[in-house]
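[1] Dropping a prediction and its sequence here:
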Number of protein chains: 2
Amino acid sequence: MAAMSPTRPAMPRPAGADRSTIEDVAVAAGVSVATVSRALRGLPNVAVSTRARVQEAARGLNYRPDPNASRLAAGRSRTVAVVVPFINSWYFANVVAGAEAVCADEGYDLLVVTSSSSAADAAAVTGAFGLDRRVDGMIFVEVALEDAHIAEFARLGTGVVTIGQRTAPFPSISLDNVAVGRLAVGHLVELGHRHIGVLAGQAEDPVHFDVPGDRIAGARAALTAGGLDLHPTSVVAGRFTVEGGHDAAMVLLGRAEERPTALFALSDEMAFGALLAARHLGLDIPGDVSLVGVDDHEMAAPMALTTVRQHVVDVGARAAAALLHQLGAHAAVVQHDVRPVELVRRGSTRRIDP
Amino acid sequence: MAAMSPTRPAMPRPAGADRSTIEDVAVAAGVSVATVSRALRGLPNVAVSTRARVQEAARGLNYRPDPNASRLAAGRSRTVAVVVPFINSWYFANVVAGAEAVCADEGYDLLVVTSSSSAADAAAVTGAFGLDRRVDGMIFVEVALEDAHIAEFARLGTGVVTIGQRTAPFPSISLDNVAVGRLAVGHLVELGHRHIGVLAGQAEDPVHFDVPGDRIAGARAALTAGGLDLHPTSVVAGRFTVEGGHDAAMVLLGRAEERPTALFALSDEMAFGALLAARHLGLDIPGDVSLVGVDDHEMAAPMALTTVRQHVVDVGARAAAALLHQLGAHAAVVQHDVRPVELVRRGSTRRIDP
DNA sequence: CTGAAAGCGCTAACAG
DNA sequence: CTGTTAGCGCTTTCAG
């Protein structure tokens, strides 16, 4: 008869680890591990006194559950990923900040993944972004999802929320980018401007999908409403960067004739570039040229830039909230939340006539 | 004799999951799970032919190991956390970007944690930042570590690297901030400036420890070397923001007498604020006032700002590399890597005399 | 070079 | 309300 021989641990714990387990707590509290589990997770069906005893034992032992063990057992990781094209830009950093705050509040971990680091081919090889079972859900920020991804997420039951881009079966948070363009250019038209230049993104930019297109469509709509139209040559790519905006503005403002009297930059950073370009050309803003941006970047106010404000941190926060809601098995409600934008008039725009 | 009865799964898998396990692969390849594990992880002692067969089976089943299971079994999570005061600022976003790139390359997941979300008291309650066993290591960016944390990390064997702040037993990546101040102000002194104002952080700011102090010390050293000294009233807090820099510059440049002929801003963002302040006051830069910043923010070049360049993305990358190296059990080498900085002369500084 | 077996620490039926 | 028990899917000795 072979007695159950106490086996030595199958493998070495990493240096210096010496944590207490749920079993230690159970022994200390004089209950079973199941009860400890229930008590500590706040489940019902635990006597008040028992719960108190368990909690005290846990505290005394400085016990913290091993997340990997509970993830394995429960099949949920309480972790979500936010996938961004890159993280060191004003917009994406702010989205992540909003998402992080909400996740932290709800006790979820937040993984940051750049879509460049999990390139499309890698995703194909390793499954949808290789994050399967690592996260309960994902937030995609201006990242293209292929149909194969969508199918796989559905199959795996991964929660998904998108920002900016609306992808059929998933909830999304976005701006009314048409309204953005309409507000900005409507304002300029109202001020009497008739020749308006646009600092756009790049046609080939895979990152910002409909964003530039929609903003430009809105601009065109505002122009049309005023009986004007948008010359194709008045739209110049600015890559959404300060430098790109500078270069684009140099092109538009440097024209000997047909020089626009106003500029609509699709982002504040491009508008900053335009501000510099104007200075280089000896043009005064708003004296010679009016300028509107988009975002309400923290530098917009000190620079006196008129802009269309969006609340980027809030967008990130709402996306996270929607995702966690969805993960909470509240399920079902696929909503497309279109956030409002507003025109903030500052010193960079002026009536053309006086 | 009781036959092993095939038990029904203990719990429901989350909706729609249908993944293959290591066992499926083992069956498909006609080997044991142990062999699959070894083969797939590239361990030695696996016949070439066997490994090939296993890999093919895995591919065929679209198998991906469950990270939670392997983490639990192996005691390592291949996840690291980067702890920042907040993530939506130029500096921190860039640090995170650098760290993310390296982690992604090495197959590590990166958790972003803001120190505000895991406030000090929470940390006390829940253990060192509550990340125990969730991550193999952590990167602290300008975050204060208390002795209790340090002790706990040591005890738990958590890898730690700090950025900015050097904390006794851990490797760190930092700048020579004294050199930063010396370079910036040395440049100004060389140009003949004798009354130099400093746009600083805040004394009470818990976030940036020695950074402002060191930069100011460097500034003072450069002044001293030139036979000058730093008037206490010439140092004004600017909170490391554009607005703060603007306000501080208004104070310094608005003085009727003793107006500085040059300004040293401890960050480019404050320098941008100063640029605006000068304009508001009708002062020309560099005509009336010279200005030096720190960072080489992407807006510095278009703004023609002379600055002391640091490579923030690189700092993040090096911190991650150091951490992963440490986790690779290469252990031991606690190094303090002080990154170089360099003066970038642009248009915002000029010799005082001509 | 490969297989068998014992867990990692926790959760979730199920039966009291 | 609480204990028992069977795994979650993988890694790692140990014995061939």
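    Perfect, thanks for sending it.

[2] which stretches of chain A have low pLDDT?
    Applying pLDDT under 70 to chain A flags the ranges A:1-18, A:117-128, A:203-209, A:329-333, A:353-354.

[3] Which residue ranges of it form strands?
    Taking DSSP state E as the criterion, chain A contains strands spanning A:79-84, A:109-114, A:137-141, A:159-163, A:172-175, A:196-200, A:235-237, A:262-265, A:290-295, A:306-309, A:336-339, A:342-344.

[4] Touching the last one from outside, list them.
    Right, strand A:342-344. A:Leu183, A:Ala184, A:His187, A:Asp296, A:Ala300, A:Thr306, A:Thr307, A:Val308, A:Arg309 (CB atoms under 8 Å, 6 or more residues apart in numbering or on different chains). C-beta coordinates here come from the backbone N, C-alpha and C atoms, glycine included.

[5] Where neighbours are concerned, which of those residues has the most?
    Among the contacts of strand A:342-344, A:Ala184 has the most neighbours (other CB atoms under 10 Å in any protein chain shown), with 31 neighbours.

[6] surely that residue meets A:Ala262?
    No. Contact criterion CB atoms under 8 Å: A:Ala184 and A:Ala262 do not qualify, at 9.7 Å.

[7] Touching both of the two, which residues are there?
    In contact with both A:Ala184 and A:Ala262: A:Val292, using CB under 8 Å, 6+ apart.

[8] Spatially central, which residue of chain A would that be?
    A:Val95 (3.6 Å; CA atoms, centre = their mean).

[9] Name all residues that make contact with that one.
    By CB under 8 Å, 6+ apart, A:Val95 lies in contact with A:Val82, A:Val84, A:Val141, A:Ile163, A:Val312, A:Val313, A:Val315, A:Gly316, A:Ala319.

[10] Indicate which one of the strands of chain A is closest to DNA strand D.
    Closest to DNA strand D of those, according to CB to the nearest atom of the strand: strand A:79-84, at 16.3 Å.

[11] And the closest one, what does it pack against?
    helix A:90-105, strand A:109-114, strand A:137-141, helix A:312-325 (3 or more CB pairs under 8 Å, 6 or more residues apart in numbering or on different chains; DSSP states H and E).

[12] Buried residues of the first one, list them for me.
    Same thing as helix A:90-105. Across helix A:90-105, burial judged by 16 or more other CB atoms under 10 Å in any protein chain shown covers A:90-104.

[13] how about the CA coordinates for it, as CSV?
    Provided in CSV are the C-alpha atoms of helix A:90-105 (Å, rounded to 0.1, in the frame of the first residue of the first chain):
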residue,chain,number,x,y,z
TRP,A,90,-1.1,63.5,-28.4
TYR,A,91,-4.3,61.8,-29.5
PHE,A,92,-3.5,58.2,-28.8
ALA,A,93,-1.8,59.0,-25.4
ASN,A,94,-5.0,60.8,-24.4
VAL,A,95,-7.2,58.0,-25.5
VAL,A,96,-5.1,55.5,-23.5
ALA,A,97,-5.2,57.8,-20.5
GLY,A,98,-9.0,57.8,-20.5
ALA,A,99,-9.2,54.0,-20.9
GLU,A,100,-6.6,53.4,-18.2
ALA,A,101,-8.5,55.4,-15.6
VAL,A,102,-11.7,53.5,-16.2
CYS,A,103,-9.9,50.1,-16.2
ALA,A,104,-8.0,50.9,-13.0
ASP,A,105,-11.3,51.9,-11.4
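
[14] what about that helix, distance to the chain center?
    In terms of CA atoms, centre = their mean, to the nearest Å, the centre of helix A:90-105 is set 7 Å apart from its chain centre.

[15] Nearest spatial neighbour of A:Ala69, chain-adjacent residues omitted?
    Distances taken as CB to CB, 6 or more residues apart in numbering or on different chains put B:Leu72 closest to A:Ala69, at 5.2 Å, once the chain neighbours are dropped.

[16] got the contact list for that neighbour?
    Contacts of B:Leu72 (CB under 8 Å, 6+ apart): A:Asp66, A:Asn68, A:Ala69, A:Leu72.

[17] A:Ile216 too?
    Residues in contact with A:Ile216 (CB under 8 Å, 6+ apart) are A:Gly181, A:Val198, A:Ala200, A:Leu230, A:Val235, A:Leu266.

[18] roughly how far apart are the residue nearest to A:Gly226 when sequence neighbours are not counted and A:Leu72?
    The shortest distance from A:Gly226 to any non-neighbouring residue, by CB to CB, 6+ apart, is to A:Val189 (4.1 Å). According to CB to CB, to the nearest Å, A:Val189 stands 60 Å off from A:Leu72.

[19] how about the helices in the stretch 101-250 of chain A?
    Remark: helices assigned in the stretch 101-250 of chain A by DSSP state H, counting those that start in this stretch are A:120-126, A:147-156, A:177-190, A:210-225, A:242-253.

[20] so, in contact with DNA strand D or not, the second one?
    No. Applying CB under 7 Å from any atom of the strand, one finds helix A:147-156 out of contact with DNA strand D, separated by at least 12.1 Å.

[21] Who are the packing partners of that helix?
    In terms of contacts (3+ CB pairs under 8 Å, 6+ apart), helix A:147-156 is packed against no helix or strand at all.

[22] any idea of the angle it forms with strand A:137-141?
    Counting by axes from the mean of the first three to the mean of the last three CA atoms, to 10 degrees, helix A:147-156 lies at 160 degrees to strand A:137-141.

[23] next one: helix A:147-156 to chain centre, how far?
    For helix A:147-156, the distance to the chain centre is 21 Å (CA atoms, centre = their mean).

[24] And that helix, what's buried?
    Neighbour-count burial for helix A:147-156 flags A:His149, A:Ile150, A:Glu152, A:Phe153, A:Leu156 (criterion: 16+ other CB under 10 Å).
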